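S.K.: Here is a sequence with its predicted model. Questions after.
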Amino acid sequence: MSAQLLDGKLISEQIITEVRAKVDARVAAGRRAPALAVVLVGDDPASAVYVRNKKTACERAGFRSLSFEYPASLTEAELLALVRKLNDDPEVDGILVQLPLPKHINADRVIETINPHKDVDGFHPYNFGRLALKMPLLRPCTPHGVMVMLEKTGVDLVGKDAVVIGASNIVGRPAALELLMARATVTVCHSKTRDLAGKVAAADIVVAGVGIPNFVKGDWIKPGAIVIDVGINRLENGKLCGDVEFEVAKQRASWITPVPGGVGPMTIALLMQNTLDANIHLYP
Ligand code: NAP
């Protein structure tokens, strides 16, 4: 058996097209286009690529994108002042501070300073708490993208056994909350988990967000399982690969996401969706 591919590029384009149609309708009705402020501190090359992709997506969605780029020497006080200014700016709907931040800046403090209604990454404790309480508002984009992909399989998630590998605040933890909200039975694995292979082998759904290339062995996958690979790892030859041993896993899974072209573009599409939602919430 060979798995069906979950084409994140295609699904993300559909989402952005839908967002664009809503934006065009709002603009035609006399409203301003949604605006996303993207803040980049330092010169991390991967972050620069992500920021560039987010700006391009803004254009496609019909948004105004505002760019704030600073050297790594920016102080925490200066960054907090910028965030507060953007919070108060009625022309800005979404604020995205690209992570990771330089070590001298406390990222938690920065995230907590963002107005939760402009927190389009969904990382603010207010939005995270709402997700945990089953009343999400602005949902973290990557796990939300995972859920949209799972929906596209048409498989009923209720009662399914899901294993999430990774428990970070931006991937594993919110992905587990999303799956729980969808009524799956969720096991969250991390670096101290015992018998990971056994847990994966029992799972109907596997979501991997570890950050280690080919970490999840293809032969761990239960025949017929759905495999969502969140990992984006750059190999020495410059190629991107996921956390799952794709070629072997795809022989066993029913559905699988490729890397690149899987969860990555979904994250950006859900960021566009969040920015439109923030705009509508602020200016109904
Ligand atoms: P992270 O903060 O480093 O978290 C990694 C998680 O994996 C941690 O919970 C860690 O456990 C766990 N882990 C590490 N080694 C493990 C092991 N041997 N067995 C089981 N679990 C282990 O990374 P992240 O930010 O969540 O990112 C994970 C991956 O997703 C990366 O490849 C990243 O590039 C990718 N990513 C993709 C997108 C996207 O848009 N597709 C978005 C964000 C991230 P502990 O908690 O015990 O340390």
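M.R.: Sure thing, it's come through. Owing to the predicted nature of the structure, the values given are computational and were not obtained by experimental measurement. Numbering: from 1, shown residues only.
S.K.: Give me the residue at the spatial middle of this protein.
M.R.: For the chain, the residue nearest the mean C-alpha position is Thr142 (1.6 Å; C-alpha atoms, centre = their mean).
S.K.: can you tell me the helix or strand for it?
M.R.: Per DSSP states H and E, Thr142 falls inside helix 141-153.
S.K.: Isn't Ile268 up against Lys55?
M.R.: No - applying C-beta atoms under 8 Å as the test, Ile268 and Lys55 come out as separate, 10.2 Å apart. The C-beta positions use only the backbone N, C-alpha and C, and glycine is treated the same way.
S.K.: Comparing these two, which shows the higher neighbour count?
M.R.: For Ile268 versus Lys55, neighbours defined as other C-beta atoms under 10 Å are more numerous around Ile268 (24 against 15).
S.K.: Show me where this structure has its strands.
M.R.: Along the chain, the stretches classed as strands by DSSP state E are 4-5, 35-41, 64-70, 94-97, 161-165, 185-189, 205-208, 226-229, 233-234, 240-241, 255-256.
S.K.: In a markdown table: those strands, plus mean neighbour count, mean pLDDT and distance to Trp220.
M.R.: A markdown table is the format used below for the strands of the chain (neighbours: other C-beta atoms under 10 Å; pLDDT from 0 to 100; distance: least, C-beta to C-beta, whole Å):
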| stretch | mean neighbour count | mean pLDDT | distance to Trp220 |
| --- | --- | --- | --- |
| strand 4-5 | 14 | 98 | 20 |
| strand 35-41 | 23 | 98 | 37 |
| strand 64-70 | 16 | 97 | 41 |
| strand 94-97 | 28 | 98 | 35 |
| strand 161-165 | 26 | 99 | 10 |
| strand 185-189 | 19 | 98 | 12 |
| strand 205-208 | 28 | 98 | 8 |
| strand 226-229 | 28 | 98 | 10 |
| strand 233-234 | 14 | 94 | 18 |
| strand 240-241 | 17 | 95 | 17 |
| strand 255-256 | 24 | 98 | 13 |
